[in-house]
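Trainee: please work out how this folds:
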Amino acid sequence: MKSMEEMMAAAQEAAQTVQRQMNEAQAKLESVEVEGAAGGGLVKVRATAKGRILGVSIDDSLIVPADKQMLEDLIAAAFNDARTKADRASEEEMSKMAQGLPLPAGFKLPF
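Mentor: Numbering: from 1, shown residues only. Prediction:
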(Lines give C-alpha, C1' and ligand atoms only; values in the text may rest on other atoms or scores of the structure.)
Protein backbone atom coordinates (compact mmCIF):
# COMPACT_ATOMS: atom_id res chain seq x y z
CA MET A 1 0.00 0.00 0.00
CA LYS A 2 1.20 3.50 -0.78
CA SER A 3 2.19 5.81 2.00
CA MET A 4 0.09 8.87 2.78
CA GLU A 5 2.84 11.14 1.39
CA GLU A 6 2.87 9.25 -1.92
CA MET A 7 -0.90 9.46 -2.18
CA MET A 8 -0.87 13.21 -1.43
CA ALA A 9 1.90 13.79 -3.99
CA ALA A 10 -0.05 11.83 -6.60
CA ALA A 11 -3.22 13.82 -5.85
CA GLN A 12 -1.34 17.11 -6.07
CA GLU A 13 0.24 16.09 -9.38
CA ALA A 14 -3.17 15.09 -10.75
CA ALA A 15 -4.63 18.45 -9.66
CA GLN A 16 -1.79 20.31 -11.37
CA THR A 17 -2.35 18.30 -14.54
CA VAL A 18 -6.07 19.12 -14.52
CA GLN A 19 -5.31 22.81 -13.93
CA ARG A 20 -2.82 22.89 -16.80
CA GLN A 21 -5.31 21.18 -19.13
CA MET A 22 -8.05 23.61 -18.07
CA ASN A 23 -5.78 26.57 -18.83
CA GLU A 24 -4.90 25.12 -22.24
CA ALA A 25 -8.57 24.48 -23.05
CA GLN A 26 -9.54 28.03 -22.00
CA ALA A 27 -6.79 29.49 -24.19
CA LYS A 28 -7.92 27.36 -27.13
CA LEU A 29 -11.51 28.57 -26.72
CA GLU A 30 -10.35 32.14 -27.34
CA SER A 31 -9.18 31.09 -30.82
CA VAL A 32 -12.37 29.20 -31.76
CA GLU A 33 -14.74 31.45 -33.74
CA VAL A 34 -18.49 31.01 -34.17
CA GLU A 35 -20.98 33.05 -36.16
CA GLY A 36 -24.55 33.76 -35.13
CA ALA A 37 -27.12 34.95 -37.64
CA ALA A 38 -30.65 36.34 -37.64
CA GLY A 39 -33.12 37.50 -40.24
CA GLY A 40 -31.97 34.98 -42.83
CA GLY A 41 -28.38 36.18 -42.54
CA LEU A 42 -29.13 39.90 -42.76
CA VAL A 43 -27.51 40.39 -39.35
CA LYS A 44 -24.45 38.39 -38.32
CA VAL A 45 -22.30 38.38 -35.19
CA ARG A 46 -18.86 36.78 -34.94
CA ALA A 47 -17.68 35.72 -31.48
CA THR A 48 -15.08 33.55 -29.78
CA ALA A 49 -16.16 30.37 -28.00
CA LYS A 50 -15.53 32.31 -24.78
CA GLY A 51 -18.20 34.80 -25.83
CA ARG A 52 -16.07 37.77 -26.87
CA ILE A 53 -17.80 39.54 -29.77
CA LEU A 54 -15.44 40.00 -32.72
CA GLY A 55 -17.73 41.80 -35.11
CA VAL A 56 -21.25 42.63 -36.23
CA SER A 57 -22.40 42.73 -39.85
CA ILE A 58 -25.68 44.40 -40.85
CA ASP A 59 -26.99 44.20 -44.40
CA ASP A 60 -27.44 47.65 -45.95
CA SER A 61 -31.07 46.89 -46.73
CA LEU A 62 -31.84 47.04 -42.99
CA ILE A 63 -30.65 50.58 -42.37
CA VAL A 64 -34.01 52.32 -42.58
CA PRO A 65 -35.14 54.57 -39.71
CA ALA A 66 -38.62 53.05 -39.63
CA ASP A 67 -37.09 49.60 -39.11
CA LYS A 68 -35.02 50.56 -36.05
CA GLN A 69 -36.89 48.27 -33.63
CA MET A 70 -36.67 45.31 -36.00
CA LEU A 71 -32.93 45.93 -36.47
CA GLU A 72 -32.38 46.03 -32.72
CA ASP A 73 -34.35 42.80 -32.27
CA LEU A 74 -32.33 41.09 -35.03
CA ILE A 75 -29.06 42.18 -33.42
CA ALA A 76 -30.17 40.77 -30.09
CA ALA A 77 -31.22 37.50 -31.77
CA ALA A 78 -27.86 37.25 -33.56
CA PHE A 79 -25.97 37.81 -30.29
CA ASN A 80 -28.02 35.10 -28.64
CA ASP A 81 -27.41 32.71 -31.53
CA ALA A 82 -23.65 33.34 -31.33
CA ARG A 83 -23.68 32.84 -27.54
CA THR A 84 -25.53 29.52 -27.90
CA LYS A 85 -22.99 28.30 -30.45
CA ALA A 86 -20.11 29.52 -28.28
CA ASP A 87 -21.50 27.62 -25.29
CA ARG A 88 -21.81 24.48 -27.41
CA ALA A 89 -18.19 24.79 -28.65
CA SER A 90 -17.01 25.35 -25.09
CA GLU A 91 -18.86 22.28 -23.80
CA GLU A 92 -17.42 20.14 -26.61
CA GLU A 93 -13.87 21.28 -25.84
CA MET A 94 -14.27 20.66 -22.11
CA SER A 95 -15.74 17.20 -22.69
CA LYS A 96 -12.75 16.29 -24.90
CA MET A 97 -10.42 17.24 -22.09
CA ALA A 98 -12.42 15.40 -19.44
CA GLN A 99 -12.48 12.14 -21.42
CA GLY A 100 -8.89 11.35 -20.48
CA LEU A 101 -9.33 12.08 -16.79
CA PRO A 102 -10.28 9.44 -14.21
CA LEU A 103 -13.23 11.42 -12.82
CA PRO A 104 -16.11 9.89 -10.85
CA ALA A 105 -19.42 9.42 -12.65
CA GLY A 106 -21.43 12.62 -12.81
CA PHE A 107 -18.44 14.86 -12.06
CA LYS A 108 -18.39 17.85 -14.39
CA LEU A 109 -15.75 20.39 -15.33
CA PRO A 110 -15.08 23.21 -14.80
CA PHE A 111 -15.10 22.94 -11.04
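Trainee: longest helix of the protein?
Mentor: helix 68-99 (DSSP state H).
Trainee: show me what that helix is packed against.
Mentor: Helix 68-99 is packed against helix 4-31, strand 33-38, strand 43-48, strand 53-58, with contacts defined by 3 or more C-beta pairs under 8 Å, 6 or more residues apart in numbering; DSSP states H and E. Placement of C-beta: from N, CA and C, glycine included.
Trainee: mean neighbour count, those: which tops it?
Mentor: Mean neighbours per residue, mean count of other C-beta atoms under 10 Å, is largest over the helices and strands packed on helix 68-99 for strand 43-48, with a mean of 21.
Trainee: model confidence over it, on average?
Mentor: For strand 43-48, mean pLDDT rounds to 89.
Trainee: equivalent analysis for stretch 22-31, please.
Mentor: On average, stretch 22-31 scores 83.
Trainee: name the residues that touch it?
Mentor: Outside of stretch 22-31, the residues within contact range by C-beta atoms under 8 Å, 6 or more residues apart in numbering are Thr48, Ala49, Lys50, Arg52, Ala89, Ser90, Glu93, Met94, Lys96, Met97, Leu109, Pro110.
Trainee: neighbour-wise, which of those leads?
Mentor: Within the contacts of stretch 22-31, most neighbours by other C-beta atoms under 10 Å means Ala49, with 24 neighbours.
Trainee: distance-wise, check that one relative to Leu74.
Mentor: 23 Å (C-beta to C-beta, to the nearest Å).
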